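Got a predicted model here, sequence first, then my questions.
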Amino acid sequence: IKRMKGIAISRPIIYGNSATPLHGKKVGDSDHTHRWTISVRGINNEDISYFVRKVAFKLHDTYENPNRGKHFNPVMQSGSIIEKPPFEVTETGWGEFDIIIKIHFNPVSGEKPLTLYHHLKLHPYEEDGLGNPWPKQKPVTSYSYDEIVFNEPIDSFYNILQEN
Ligand code: SLL
């Protein structure tokens, strides 16, 4: 294993959620008020799977199977990790909470997983920023931009990053 001495290379990601109100449309017999999607993505939806291998999302403990992912299989108890893009989970619920996001990198990298936190946002600000009340149908979004820095990456991983 050869590391690229003195080299750092970074890749941008966007993570966060969008949410829309259910407007009283019941989901089963629940008291859910919103449908939301949490995701980890590239800029302009660029495919990040060349460096991101899988993503796990940990929801609030009020959820049954808080580790469930999009491909959750209740029999196998698997699917708590999302193994291919889009790295996202769509759910319904009634409250805001912190979601723990664990990003696992391409195994070639030898990098440890990266943990991020996102506060799920369901409720809009009072105004849209222009002094008008928030439009009823407008989805609420909360996204963060980040750059993942790989310090002295393994050379074969460095090559993969460069080629993509
Ligand atoms: C709050 N501290 O009280 C927060 C917790 C938890 C939200 C919010 C569960 C959905 C379900 C759900 O929406 N939990 O599985 O029924 O606001």
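In hand now; what should we look at?

Return the residues of this structure in contact with the ligand.
30, 60, 62-63, 93-97 (Cβ under 6 Å from any ligand atom). From N, CA and C alone the C-beta is placed, and that goes for glycine too.

Which of those residues fall within strands?
residue 93 (DSSP state E).

okay, the residues of the chain next to the ligand in JSON lines with pLDDT, neighbour count and distance to residue 16 next?
Compiled in JSON lines, those are given as follows (pLDDT from 0 to 100; neighbours: other Cβ atoms under 10 Å; distance: Cβ to Cβ, whole Å):
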{"residue": "30", "pLDDT": "86", "neighbour count": "11", "distance to residue 16": "24"}
{"residue": "60", "pLDDT": "95", "neighbour count": "13", "distance to residue 16": "16"}
{"residue": "62", "pLDDT": "94", "neighbour count": "10", "distance to residue 16": "21"}
{"residue": "63", "pLDDT": "91", "neighbour count": "13", "distance to residue 16": "18"}
{"residue": "93", "pLDDT": "95", "neighbour count": "22", "distance to residue 16": "16"}
{"residue": "94", "pLDDT": "95", "neighbour count": "12", "distance to residue 16": "19"}
{"residue": "95", "pLDDT": "97", "neighbour count": "13", "distance to residue 16": "17"}
{"residue": "96", "pLDDT": "97", "neighbour count": "17", "distance to residue 16": "13"}
{"residue": "97", "pLDDT": "97", "neighbour count": "15", "distance to residue 16": "14"}
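
wait, which of the residues of the chain next to the ligand is closest to residue 11?
The closest of the residues of the chain next to the ligand to residue 11 turns out to be residue 97 (Cβ to Cβ; 27.8 Å).

The closest one reaches residue 58, doesn't it?
No: contact criterion Cβ atoms under 8 Å: residue 97 and residue 58 do not qualify, at 10.3 Å.

Phi first, then psi, for residue 156.
Residue 156 adopts backbone torsions of phi -70, psi -30, taken as degrees, to the nearest 10.
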